[in-house]
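1. generate coordinates for the sequence data below:
(one chain, ligands or ions: 1)
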Amino acid sequence: MTEESAALYVVPTPLGNLADLTRRAEEILRTVPWVAAEDTRHSGPLLKQLGAQARTIPAHQHNEHEAAARIVEKLQAGEAVALISDAGTPGISDPGARIVAAVRAAGYKIIPLPGPCAATTALSASGLLDEHFLFYGFLPSKGGQRRQALEELRELSSALVFYEAPHRVLETVEDMATVLGDRTLVIARELTKLFESIHSLPLAEGLAWLREDSNRQRGEFVLMLSGAPANADSGEGERILKMLLAEGLPVKQAAKLAAQITGMAKNALYDLALALKSAG
Ligand code: SAM
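-> You can find the predicted model right below:
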């Protein structure tokens with residue numbers, strides 16, 4: 001394979017297991033004169049191990065415009081650049097999109113390599129049957145905003161794929177159960193690493209399962225949920241609940257009345273009423 005000069009290669013790197021670097025990625029990283037890396041110190045050992053001679057350009061979320069300008073300069077000089085992030089695919093909940101846009105706007109070729117990505121790796125082992133999926137990435141870190149974001153996803157029939165940090169996984173799973181009601185939750189942790197685990201369970205049991213063993217809250221997470229059940233007409237339930245809550249009814253009573261009016265499950269309406277109330 002010959003490397004094209006004056007092109008930007010988007011190169012996925014392993015999530016944890018170094019053997020997951022593809023042969024093509026290895027060859028590109030070994031032969032390009034420049035590697036734009038999210039964290040040059042983090043990527044240093046990988047490049048060294050490959051025997052790569054490339055010089056590095058820092059390209060993180062706080063300097064993407066500047067990094068893009070430097071990369072375009074190298075391309076103008078006829079030199080190829082490989083873009084990598086700390087782990088997985090650049091541009092997927094990682095810096096890269098602005099660089100790609102700037103390089104394309106400057107008229108240079110972008111060559112993406114397929115490779116490791118936590119979302120697709122997790123999804124492939126989820127066993128979720130939904131025909132479509134929506135990759136959300138990270139939910140907001142603040143509770144109110146997170147619940148609001150989940151509200152907006154509640155009606156979607158597609159499976160939902162999230163990234164989450166270990167210190168937020170409990171509160172996020174709790175919010176998911178409150179806002180989204182009952183569904184299947186798949187927790188994929190430490191993919192490709194020593195303590196890899198993939199566990200599928202009802203969302204309502206997720207919090208208790210995580211709490212049962214603190215090791216289950218460690219490491220890197222992909223959280224996946226099945227989509228909204230096809231027949232849940234929670235739009236009507238929500239409309240009625242909003243009216244009842246606006247009239248000042250307590251959550252329990254509003255849920256009971258809404259269940260009588262719509263024929264929907266009281267528990268689901270109760271959870272929804274709580275979420276509506278906390279979202280203000
Ligand atoms: N660009 C990366 C990709 O292609 O997957 C994602 C980068 S994002 C900053 C990091 C998040 O990805 C982690 O917080 C976690 O949610 C997820 N992730 C990365 N590596 C993982 C792994 N080995 N197992 C589970 N999730 C992982």
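
2. contact residues of the stretch 51-200 of the chain facing the ligand?
-> Contact residues (Cβ under 6 Å from any ligand atom) of the stretch 51-200 of the chain with the ligand: 85, 87-89, 92-94, 117-119, 163-165, 188-193. (Glycine included, C-beta is placed from N, CA and C.)

3. what's near enough to touch the residue of the stretch 1-150 of the chain found nearest the ligand?
-> Closest to the ligand within the stretch 1-150 of the chain is residue 88: 2.4 Å, counting by Cβ to the nearest ligand atom. Residues in contact with residue 88 (Cβ atoms under 8 Å, 6 or more residues apart in numbering) are 12, 13, 15, 94, 116, 117, 118.

4. buried ones from the residues you listed, can you make that a PyMOL selection?
-> Of the contacts of residue 88, the buried ones go into a single PyMOL selection, burial set by 16 or more other Cβ atoms under 10 Å:
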select buried, resi 12+13+15+94+116+117+118
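
5. just checking, which of the contacts of residue 88 belong to helices?
-> With helices defined by DSSP state H, the entries of those inside them are residue 118.

6. how about the contacts of residue 88 in JSON lines, adding pLDDT?
-> Shown next, in JSON lines, are the contacts of residue 88 (pLDDT from 0 to 100):
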{"residue": "12", "pLDDT": "98"}
{"residue": "13", "pLDDT": "98"}
{"residue": "15", "pLDDT": "98"}
{"residue": "94", "pLDDT": "97"}
{"residue": "116", "pLDDT": "98"}
{"residue": "117", "pLDDT": "98"}
{"residue": "118", "pLDDT": "98"}
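
7. can you tell me which of the contacts of residue 88 is closest to residue 65?
-> Using Cβ to Cβ, residue 94 is the member of those that sits closest to residue 65, with 16.2 Å.

8. that closest one and residue 12: what is the separation?
-> As judged by Cβ to Cβ, to the nearest Å, residue 94 and residue 12 stand 10 Å apart.

9. cool, residue 222 as well?
-> Residue 222 is 15 Å from residue 12, by Cβ to Cβ.

10. swap in residue 40?
-> Computed as Cβ to Cβ, the residue 40 to residue 12 distance reads 18 Å.

11. likewise for residue 5?
-> Counting by Cβ to Cβ, the gap from residue 5 to residue 12 is 22 Å.

12. check residue 85 too.
-> Counting by Cβ to Cβ, the gap from residue 85 to residue 12 is 8 Å.

13. quick one: the helices in the chain, in order.
-> Along the chain, counting by DSSP H, helices occupy 23-31, 40-50, 64-76, 97-105, 118-124, 143-153, 169-180, 203-212, 234-246, 251-262, 266-278.

14. out of those helices, nearest to residue 133?
-> Proximity to residue 133, assessed across the helices of the chain by Cβ to Cβ, is greatest for helix 118-124 (6.2 Å).

15. deepest of the helices of the chain, which one?
-> helix 169-180 (a mean of 21; mean count of other Cβ atoms under 10 Å).

16. could you list the residues in contact with that one?
-> Contacts of helix 169-180 (Cβ under 8 Å, 6+ apart): 139, 143, 146-147, 150-151, 153-154, 162, 164, 185, 203-204, 206-207, 210-211, 217, 221, 223, 225, 228, 271-272, 274-275.

17. before we move on, what about stretch 262-274?
-> Stretch 262-274 is touched from outside by 177-179, 181-182, 232-234, 236-238, 240-241, 245, 251-252, 254-256, 258-259, with contacts defined as Cβ under 8 Å, 6+ apart.
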